[in-house]
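Participant: need a structure here:
(2 chains)
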Amino acid sequence: MTDDTLLSARGLSLHFGKIPALESVDADLWPGEVLAVVGESGSGKTTLLNVLSGRMHPDSGTVWYRDPHRRLHDVHTMPAPALRALHRSDWGYIHQNPRDNLRMSVSAGGNVGERLMAAGNRHYGNIRAEAIDWLTQVEIDADRVDDMPRTFSGGMLQRLQIARTLVTHPRLVFMDEPTGGLDVSVQARLLDLIRSLVARLDIAVVLVTHDLAVARLLAHRIMVMQRGVVVESGLTDQVLDDPQHAYTQLLVSSVLQV
Amino acid sequence: MNGYNFAYLDEQTKRMIRRALLKAVAIPGHQVPFGSREMPLPYGWGTGGIQVTASVLGAGDTLKVIDQGADDTTNAVSIRRFFARTAGVATTTDTEQATIIQTRHRIPEKPLRKDQIIVYQVPQPEPLSKLEPSRAETRRMHALAEYGAMHVRLYEDITRFGHVAISYDYPVMVNHRFLMAPSPIPAFDNPKMHMMPALQLFGAGREKRIYAIPPYTDVRSLDFEDHPFRTTRAPHCCALCGADDSYLDEVVTDDAGGRMFVCSDTDHCETRQSQGHTGTGEPLSKRAAAREVAK
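Facilitator: Sure, this is the predicted structure:
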């Protein structure tokens, strides 16, 4: 672990009964870096995301996080209020299903403004201006600010979720299949958006996906998981162009070539 | 009084409620669970308030009970009579003379003194209940002072209506720490809770919660810097006493549109009338109302 490492995991293990979800997993993430976790379903990707973000406790192993003041925190032993504060401000979590994160009975502007209000912002005009600014950044028309999320399409909901998460300028965002369930053209637009936002705002991302194309497009580094074990990791292009492990080779070769 | 313990409740129950009250006073605005008893009136009619009153009532106390500000409505009359019978205490309708005031939906217009206790009947003690259905989660939110969601509700109101459209049970922040439901009093009464010299006790019988605001405690209504909290009242004078600063009830007097606005605090209105204040006198008469409709 270097002086700059943002998030560092060592020896994470977690079993669900007899099923090994994680088997001594190590991971490091530096500021501004996008790390993709790929693998087939049931390989422990989402579990790893939950453990890294402190939403789930591992059987053994530790996760360290370095805050903006360069202090190190053990994610699983830090006090619950501090962890929740982290999740509200410095971190973000983007769900596969935006309905899990959004308040469906609250207008788009209210959804985007919630984290600002939770952070103590008490000026209606500023909150609203910020919400409109963020809606524009995720390519939603500013005049939709007072509309209910239920009137939004799937792709718009996902973009709204991204605006809601990024409004507090988090340094680290966990993404769980952000493009899952969207059609291909919407996916492409969303990926483009995520890529430009992440680069511009210098956000570190842990991205869980089963889609190698998504990983190729967004990620700097990649971790390949199989049955809870990291079988291969390295630079994205390196791993995908020259896979060493048999399972990675299988994954890469099973991608449809168009 | 025969056949009953003093103030109906047995001593062990009163002791349990007093312990909850002490804890509630020690943590202003924090909801303390208590073993709410079955009372001889239905839930929603003040079972929480009546238990709190029974626990703080002493033989020398003078009790006043109001319902929507009035001393002469069913709920007020029957609870007052209940304690007159089971505790033999003096009762009054005069805010000045009362040492304990049990109330539903109002705070008396006359400022309370430090030797008085006001007991609120509370249907829903959890201010976050409409935003977060899980009680375990709302308790966590209170513990961590995570009240952003409540401001989202205010934000939505301003977005839709241009102002915060909560007219009663307007959420307050107690002592800069706990978000609290002030019970369904009109937002008009919220400023009276701030730095009130009297002890304020809240009892929710069905929900089994007690909370309190000690005397001289900071109580702020939630708002935004650019949309400060404002009270509203019907833009009329009381038809009976002419008061232009009291909270008014609209009373429909016939089926032809006739109506009058009168003070909801009956004691306040009667006191003013006995001091010689008069309103427009008559309610809008049937004929006057009919003329108005005809126009």
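Participant: From here on, just use CA atoms for contacts and neighbour counts.
Facilitator: Will do.
Participant: what's the burial count for the residue in the stretch 101-250 of chain B positioned nearest to chain A?
Facilitator: Distances between the stretch 101-250 of chain B and chain A by Cα to the nearest Cα are smallest at B:Gly148, namely 3.9 Å. Around B:Gly148 there are 19 other residues, counting by other Cα atoms under 10 Å in any protein chain shown.
Participant: Report the contact partners of the nearest residue to it once chain neighbours are set aside.
Facilitator: What sits nearest to B:Gly148 in space, not counting adjacent residues and going by Cα to Cα, 6 or more residues apart in numbering or on different chains, is A:Ala118, at 3.9 Å. By Cα atoms under 8 Å, 6 or more residues apart in numbering or on different chains, the contact list for A:Ala118 reads A:Arg88, B:Glu146, B:Tyr147, B:Gly148, B:Ala149.
Participant: tally of neighbours for B:His194?
Facilitator: B:His194: 19 neighbours (other Cα under 10 Å).
Participant: how about the nearest residue in space to it that is not next to it in sequence, what does it touch?
Facilitator: Excluding its sequence neighbours, the residue lying closest to B:His194 (Cα to Cα, 6+ apart) is B:Val219, at 4.5 Å. By Cα under 8 Å, 6+ apart, the contact list for B:Val219 reads B:Val172, B:Met173, B:Val174, B:Asn175, B:His176, B:Pro191, B:Met193, B:His194, B:Met195.
Participant: tell me the two of those that are most distant?
Facilitator: The two members of the contacts of B:Val219 with the most space between them (Cα to Cα) are B:His176 and B:Pro191, at 15.0 Å.
Participant: Give the burial count for B:Leu240, as a bare number.
Facilitator: B:Leu240: 21 neighbours (other Cα under 10 Å).
Participant: While we're on it, how confident is the model there?
Facilitator: On the pLDDT scale, B:Leu240 is placed at 91.
Participant: How about A:Gly155?
Facilitator: Confidence score, pLDDT, at A:Gly155: 89.
Participant: Same check on A:Leu190?
Facilitator: 87.
Participant: so who does the nearest residue to B:Pro125 once chain neighbours are set aside touch?
Facilitator: Spatial nearest neighbour of B:Pro125, excluding adjacent residues (Cα to Cα, 6+ apart): B:Ala181 at 5.8 Å. When contacts are counted by Cα under 8 Å, 6+ apart, B:Ala181 is found next to B:Gln124, B:Pro125, B:Glu126, B:Pro127, B:Asp169, B:Tyr170, B:Pro171, B:Val172.
Participant: what stretches of the stretch 101-250 of chain A score poorly on pLDDT?
Facilitator: Judged by pLDDT under 70, the stretch 101-250 of chain A has no weakly predicted residues.
Participant: for it, what spans make up the helices?
Facilitator: Assigned by DSSP state H, counting those that start in this stretch, the stretch 101-250 of chain A shows helices spanning A:108-118, A:124-137, A:154-166, A:184-201, A:212-218, A:236-241, A:246-253.
Participant: Mind giving me the packing neighbours of the fourth one?
Facilitator: Using 3 or more Cα pairs under 8 Å, 6 or more residues apart in numbering or on different chains; DSSP states H and E as the contact criterion, the neighbours of helix A:184-201 among helices and strands are helix A:154-166, helix A:212-218.
Participant: how about it: buried residues?
Facilitator: A:Gln187, A:Leu190, A:Leu191, A:Leu193, A:Ile194, A:Leu197, A:Val198 (16 or more other Cα atoms under 10 Å in any protein chain shown).
Participant: and if you look at the second one?
Facilitator: Of the residues in helix A:124-137, those scored as buried under the neighbour-count criterion (16+ other Cα under 10 Å) are A:Tyr124, A:Ile127, A:Arg128, A:Glu130, A:Ala131, A:Ile132, A:Asp133, A:Trp134, A:Leu135, A:Gln137.
Participant: Surely B:Ile66 forms part of a helix?
Facilitator: No - B:Ile66: not assigned to a helix; according to DSSP: H, G, I helix; E, B strand; the rest coil it is strand.
Participant: got the contact list for it?
Facilitator: B:Asp72, B:Thr73, B:Asn75, B:Ala76, B:Ile101, B:Gln102, B:Thr103, B:Arg104, B:Arg106.
Participant: List phi and psi for B:Thr53.
Facilitator: The phi and psi values for B:Thr53, taken as degrees, to the nearest 10, are phi -60, psi -40.
Participant: Is it correct that it is in contact with B:Thr103?
Facilitator: No - contact criterion Cα atoms under 8 Å: B:Thr53 and B:Thr103 do not qualify, at 10.3 Å.
Participant: joint contacts of the two?
Facilitator: Counting by Cα under 8 Å, 6+ apart, the residues touching both B:Thr53 and B:Thr103 are B:Val119.
Participant: Of the two, give the one with the bigger neighbour count.
Facilitator: B:Thr103 (28 against 25).
Participant: pretty sure that one contacts B:Val65?
Facilitator: Yes - the criterion here is Cα under 8 Å, and B:Thr103 meets it with B:Val65 at 5.8 Å.
Participant: B:Ser78 falls within a strand, correct?
Facilitator: No - under three-state DSSP, B:Ser78 falls outside any strand and is assigned helix.
Participant: Would you mind listing what in chain B touches chain A?
Facilitator: Selection of chain B residues close to chain A by Cα under 8 Å from any Cα of the partner chain yields B:144, B:146-149, B:151-152, B:155-156, B:159-160, B:223-227.
Participant: Top of those by number of neighbours, please.
Facilitator: Neighbour max across the residues of chain B next to chain A (other Cα under 10 Å) = B:Tyr155, 29 neighbours.
Participant: Can you name the residues that contact the nearest residue to that residue once chain neighbours are set aside?
Facilitator: Nearest non-adjacent residue to B:Tyr155, counting by Cα to Cα, 6+ apart: A:Gly110, 6.5 Å away. Neighbouring residues of A:Gly110 by Cα under 8 Å, 6+ apart: A:Ala131, B:Val152, B:Tyr155, B:Glu156.
Participant: and those residues as CSV, adding distance to A:Leu102 and secondary structure?
Facilitator: Shown next, in CSV, are the contacts of A:Gly110 (distance: Cα to Cα, whole Å; DSSP: H, G, I helix; E, B strand; the rest coil):
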residue, distance to A:Leu102, secondary structure
A:Ala131, 14, helix
B:Val152, 12, helix
B:Tyr155, 16, helix
B:Glu156, 14, helix
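Participant: would you list the residues you listed in JSON lines and tack on distance to A:Val38?
Facilitator: JSON lines is the format used below for these (distance: Cα to Cα, whole Å):
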{"residue": "A:Ala131", "distance to A:Val38": "33"}
{"residue": "B:Val152", "distance to A:Val38": "37"}
{"residue": "B:Tyr155", "distance to A:Val38": "40"}
{"residue": "B:Glu156", "distance to A:Val38": "40"}
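Participant: got the contacts of B:Ile66 as a markdown table, with pLDDT columns?
Facilitator: Shown next, in a markdown table, are the contacts of B:Ile66 (pLDDT from 0 to 100):
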| residue | pLDDT |
| --- | --- |
| B:Asp72 | 92 |
| B:Thr73 | 92 |
| B:Asn75 | 92 |
| B:Ala76 | 94 |
| B:Ile101 | 97 |
| B:Gln102 | 97 |
| B:Thr103 | 96 |
| B:Arg104 | 94 |
| B:Arg106 | 95 |
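Participant: out of the residues you listed, which are inside strands?
Facilitator: B:Ile101, B:Gln102, B:Thr103, B:Arg104 (DSSP state E).
Participant: And the strands in the stretch 1-150 of chain B, which stretches?
Facilitator: B:32-33, B:62-67, B:90-91, B:100-104, B:117-121 (DSSP state E, counting those that start in this stretch).
Participant: Contacts for the first one, please.
Facilitator: In this case it means strand B:32-33. So strand B:32-33 is contacted by B:Ala20, B:Leu21, B:Lys23, B:Ala24, B:Lys208, B:Arg209, B:Ile210, B:Tyr211 (Cα under 8 Å, 6+ apart).
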